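Asks: Next comes the sequence, and after it the predicted model I'd like to discuss.
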Amino acid sequence: MEDNVQLIEEIDRVNNLVWNLRTTPNSEYNPEFMLGAALKKAESINYQFGIAHSLLNLATFTFVVKSDVAFAEESFRRAKQIFQDLKNEKWIANSLLTHAIIKNSSGDPEQALYLGLKGISYYEKHQSEADALMAYYVVGTIHKDLNKTDEALNFYTTGLHHAKSENSWTARILSGLSNIYLDRRDYDKALEYAIKSLTIIRQVNNVITESRALHDIGRIYRAAGNKARAREYLHEALKLKREHALKHVLFSTLFELGELFYENQNYAEAISFFHEAELNAIETSLPSKAGLAYHRQAFCYKQLKEFEKALECYEKLYNLQNEINQQERLEKINRSEGTLLREKEDEIERLKNIELKNAYELIAAKNKEITDSINYAKRIQFSLIAHDDFLKKYLSDYFVLFHPKDIVSGDFYWAVKQDHYFFIAVCDSTGHGVPGAFMSLLSITCLNEAIVEKNILTPGAIFDFVRDKLTSTISREGQKDGFDGILVRIDIATGEVSYAAANMAPILIRNGEIMSLDKDRFPVGYTDHPEKFSDFVLKTYRDDVLYLHTDGFIDQFGGPKGKKYKRSQLYSFLSGIAHLEMEEQCLQLKNEFINWQGNQEQVDDVCFVGIKF
């Protein structure tokens with residue numbers, strides 16, 4: 001693991017070095033060897049960011065130094081895909097911007113602009129980033145080459161405004177500004193920016209940008225009519241480009257020198273530079289520039305009255321134009337095929353979307369029907385459970401906390417008055433949601449039948465009846481549905497309290513002391529060895545508080561460690577709030593549950609009833 005960390009640091013160091021140099025040839029470094037080694041190391045440990053960064057740097061190097069467009073394009077594609085997989089927005093942007101530079105240098109400014117604008121969108125939101133200046137230079141230069149000089153000026157000046165220090169990108173922006181003012185024939189301003197650019201670039205030792213700055217100054221002097229100074233700077237730029245094999249930026253200086261000698265009527269020397277420019281354009285796969293070189297050579301030969309050679313150049317130009325036209329026709333066909341394919345894919349996608357929309361609408365309609373039905377079931381369920389107006393008649397002080405997990409609930413609280421007894425039940429049916437709600441409705445029906453219709457008035461006997469009813473109706477096929485619950489009977493005349501408890505124990509707090517009361521350890525439902533339910537008698541005193549609750553509260557996951565609330569924790573909490581008014585206790589319990597639950601999903605229905613005597 002430690003070896004991998006060191007290896008990653010080494011890979012990043014190499015890539016950052018080369019990225020900052022932008023693969024400028026340097027006597028101290030061999031970028032191709034360094035990047036190849038970094039790529040192999042990154043692949044050996046599956047370091048995806050290192051692989052992508054190495055590929056991006058290699059793409060730039062092979063284009064600038066080796067003119068290998070195919071390798072550069074493939075490397076860009078692979079690098080960008082990895083950065084996208086990593087969701088690394090900054091390096092997706094850097095890939096797009098670097099690709100834009102290549103496209104612009106290859107004579108495709110429209111595609112370059114598309115890539116550049118996509119790339120700069122990241123840096124418009126992160127202008128303090130170190131590579132932001134590069135972004136503004138790239139997009140500004142593409143606009144300049146498209147003769148959109150106002151837009152170019154805007155990007156250049158914005159970039160300079162956010163520049164924190166002078167570096168090679170500052171120099172390139174100054175060079176771009178110089179070119180704009182040259183086109184506007186403001187030679188003094190153009191020369192001012194160009195000399196500033198050259199001064200900065202010589203401090204940071206970037207030979208590509210230095211050669212461009214020298215070239216720009218030569219162009220300005222030529223346009224201003226100072227041929228001697230123009231020749232001096234252009235020759236210096238050419239020397240630098242040849243020494244460092246900067247093939248992709250060589251054409252411009254060769255062509256500029258050819259133009260300079262043509263203007264001086266030194267046609268033989270002009271032909272020499274135009275011919276070398278032609279060979280460079282062919283080598284670097286720039287046919288349109290080769291055509292310019294043929295055209296200018298033909299002009300020179302005509303001036304020398306060497307008409308056969310002039311004709312040869314025109315024939316080369318004619319053949320080249322046919323090749324370009326044929327290539328453009330093929331590209332147009334490919335684009336048309338691509339357009340048709342995209343249209344076909346779009347139509348398929350449209351049809352899919354229609355199908356999905358129809359399916360979604362059908363599902364939404366069905367979902368609404370189901371939801372409406374469940375909401376109707378909720379209204380039925382709530383009409384059967386005990387209501388405040390009824391409870392207030394027989395309980396002097398109480399609260400009810402009812403918090404279903406879903407729209408409808410498997411937990412329920414129910415009450416009825418029969419003869420001189422008041423009955424209240426808190427029960428937890430098997431399941432929750434719709435299945436639990438059906439079970440609760442059936443259980444309420446059975447309880448009501450036992451007490452009201454059969455006039456069974458002892459809690460244990462009531463549970464016995466309900467159990468028999470449930471097992472005879474729903475347990476005939478091996479089902480074991482039913483409920484755990486507590487049924488409390490209060491004698492309205494004497495205040496005597498008795499109860500039955502199936503797998504749930506009531507809690508009594510008296511004078512701050514908490515007591516867990518007795519219960520039977522079997523449910524109201526199918527059991528292998530059914531026993532009679534007990535009738536427990538409870539002697540109560542003034543200010544005693546009796547709590548009836550289902551297990552949804554104590555089973556809830558939450559808290560700092562995502563664990564269950566637990567019964568002991570509930571006992572402690574109830575002891576601390578039992579002295580409060582019942583309404584306040586209900587509020588405290590609700591807040592405790594919500595705070596404990598936090599972001600966790602509610603696991604079960606919650607039903608909690610408190611009765612103060």
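Replies: In hand now; what should we look at? Numbering: from 1, shown residues only.
Asks: next helix or strand past the helix or strand residue 193 falls within?
Replies: Using DSSP states H and E, residue 193 maps to helix 187-204. Remark: after helix 187-204, the chain's next helix or strand is helix 207-224, criterion DSSP H and E.
Asks: Next up, identify which helix or strand the residue lying closest to residue 295 once chain neighbours are set aside is on.
Replies: Among residues not flanking residue 295 along the chain, residue 317 sits closest, at 5.8 Å (Cβ to Cβ, 6 or more residues apart in numbering). Every C-beta, even on glycine, is put in place using the N, C-alpha and C of the backbone. Under the criterion of DSSP H and E, residue 317 resides in helix 307-384.
Asks: Could you pull up the residues touching residue 278?
Replies: 290, 293, 294, 297 (Cβ atoms under 8 Å, 6 or more residues apart in numbering).
Asks: if you set the cut-off to 6 Å instead, what comes out?
Replies: For residue 278, the contact set (Cβ atoms under 6 Å, 6 or more residues apart in numbering) comprises 290, 293.
Asks: Would you tell me what helix or strand it is located in?
Replies: Assigned by DSSP H and E, residue 278 falls in helix 267-283.
Asks: which sections of the stretch 51-200 of the chain are below the confidence cut-off?
Replies: 65-67, 127-130 (pLDDT under 70).
Asks: Just the pLDDT at the closest residue to residue 302 other than its chain neighbours, thanks.
Replies: Distance criterion Cβ to Cβ, 6+ apart; nearest residue to residue 302, sequence neighbours excluded, is residue 310 at 4.7 Å. Model confidence at residue 310, given as pLDDT, is 81.
Asks: from memory residue 310 sits against residue 301, does it?
Replies: Yes: counting by Cβ atoms under 6 Å, residue 310 touches residue 301, with 3.7 Å between them.
Asks: and residue 76, how far is that from residue 92?
Replies: Distance of residue 76 to residue 92, given as Cβ to Cβ, to the nearest Å: 12 Å.
Asks: residue ranges of the strands in the stretch 51-200 of the chain, please?
Replies: For the stretch 51-200 of the chain, applying DSSP state E, counting those that start in this stretch gives no strands.
Asks: What ranges does it have for its helices?
Replies: 69-85, 89-105, 109-125, 132-145, 149-162, 168-183, 187-204 (DSSP state H, counting those that start in this stretch).
Asks: nearest to residue 486, of these?
Replies: Proximity to residue 486 (Cβ to Cβ) singles out helix 69-85 among these, at 57.7 Å.
Asks: picking up where we left off before, continuing past the helix holding residue 317, what's the next helix or strand?
Replies: Next along from helix 307-384, by DSSP H and E: helix 388-394.
Asks: domains for this protein, by residue range?
Replies: As given by automatic domain parsing, the domain ranges for the chain are 165-244, 246-353, 385-612.
Asks: Highest mean neighbour count across those domains, which stretch is it?
Replies: Among the domains of the chain, domain 165-244 has the highest mean neighbour count (mean count of other Cβ atoms under 10 Å), at a mean of 20.
Asks: Can you give me the first-to-last residue distance of that one?
Replies: 27 Å (Cα to Cα, to the nearest Å).
Asks: again with stretch 194-213
Replies: 6 Å.
Asks: for it, the distance to its chain's centre please.
Replies: 40 Å (Cα atoms, centre = their mean, to the nearest Å).
Asks: can you list contacts of that stretch?
Replies: 24, 166-168, 170-172, 174-175, 178, 216-217, 220, 237, 240-241, 244, 246.
Asks: Distance-wise, check the closest residue to residue 275 other than its chain neighbours relative to residue 613.
Replies: Counting by Cβ to Cβ, 6+ apart, residue 275 lies nearest to residue 297, which is 6.3 Å off, once chain neighbours are set aside. Residue 297 is 114 Å from residue 613, where distance means Cβ to Cβ.
Asks: Equivalent analysis for residue 218, please.
Replies: Counting by Cβ to Cβ, the gap from residue 218 to residue 613 is 104 Å.
Asks: Over to residue 462?
Replies: Counting by Cβ to Cβ, the gap from residue 462 to residue 613 is 22 Å.
Asks: Repeat that for residue 501.
Replies: Residue 501 is 18 Å from residue 613, by Cβ to Cβ.
Asks: rewinding a little: can I get the domains of the chain in JSON lines with distance to residue 158?
Replies: Listed next are those as JSON lines, based on distance: least, Cβ to Cβ, whole Å:
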{"stretch": "domain 165-244", "distance to residue 158": "10"}
{"stretch": "domain 246-353", "distance to residue 158": "25"}
{"stretch": "domain 385-612", "distance to residue 158": "43"}
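Asks: which stretch in those has the least confidence?
Replies: domain 246-353 (a mean of 77).
Asks: That one: how far from the chain's middle?
Replies: With Cα atoms, centre = their mean, you get 44 Å for domain 246-353.
Asks: same thing with stretch 498-518?
Replies: Centre-to-centre, stretch 498-518 and its host chain are 52 Å apart (Cα atoms, centre = their mean).
Asks: quick one: contacts of that stretch?
Replies: Residues from elsewhere that reach stretch 498-518 (Cβ under 6 Å, 6+ apart): 459-460, 463, 484-489, 519-520, 523-524, 533, 535-537, 544-548, 571, 575, 578.
Asks: among those, which are in helices?
Replies: The helices, defined by DSSP state H, take in 459, 460, 463, 571, 575 from the contacts of stretch 498-518.
Asks: State the distance from the third one to residue 524.
Replies: When Cβ to Cβ is applied, the distance between residue 463 and residue 524 equals 5 Å.
Asks: just the second one next, same as before
Replies: Remark: distance between residue 460 and residue 524 (Cβ to Cβ) = 11 Å.
Asks: Same check on the first one?
Replies: Applying Cβ to Cβ, one obtains 11 Å for the distance of residue 459 from residue 524.
Asks: Then the last one?
Replies: When Cβ to Cβ is the yardstick, residue 575 and residue 524 sit 29 Å from each other.
Asks: now residue 148
Replies: 82 Å.
Asks: Residue 424 too?
Replies: Taking Cβ to Cβ, one finds residue 424 at 16 Å from residue 524.
Asks: Could you find the closest non-adjacent residue to residue 194?
Replies: Using Cβ to Cβ, 6+ apart, the closest residue to residue 194 is residue 178 (4.0 Å).
Asks: wait, isn't the one you found in contact with residue 190?
Replies: Yes: counting by Cβ under 6 Å, residue 190 is a contact partner of residue 178 at 4.8 Å.
Asks: now the residue most central in space within the chain: how far from residue 496?
Replies: Nearest to the geometric centre of the chain sits residue 87, at 7.5 Å (Cα atoms, centre = their mean). According to Cβ to Cβ, residue 87 stands 70 Å off from residue 496.
Asks: Make sure residue 422 is indeed in a strand.
Replies: Yes: per DSSP: H, G, I helix; E, B strand; the rest coil, residue 422 lies within a strand segment.
Asks: Any idea what it is bridged to?
Replies: residue 417, residue 490 (DSSP bridges).
Asks: OK, contacts around it?
Replies: Contacts for residue 422 were tallied using Cβ under 6 Å, 6+ apart; they are 394, 490, 492.
Asks: mind redoing it with 8 Å?
Replies: 394, 395, 415, 416, 489, 490, 492.
Asks: Next one: it from residue 527, what distance?
Replies: Applying Cβ to Cβ, the value for residue 422 to residue 527 is 29 Å.
Asks: Please apply the same query to residue 123.
Replies: Using Cβ to Cβ, residue 123 is found at 72 Å from residue 527.
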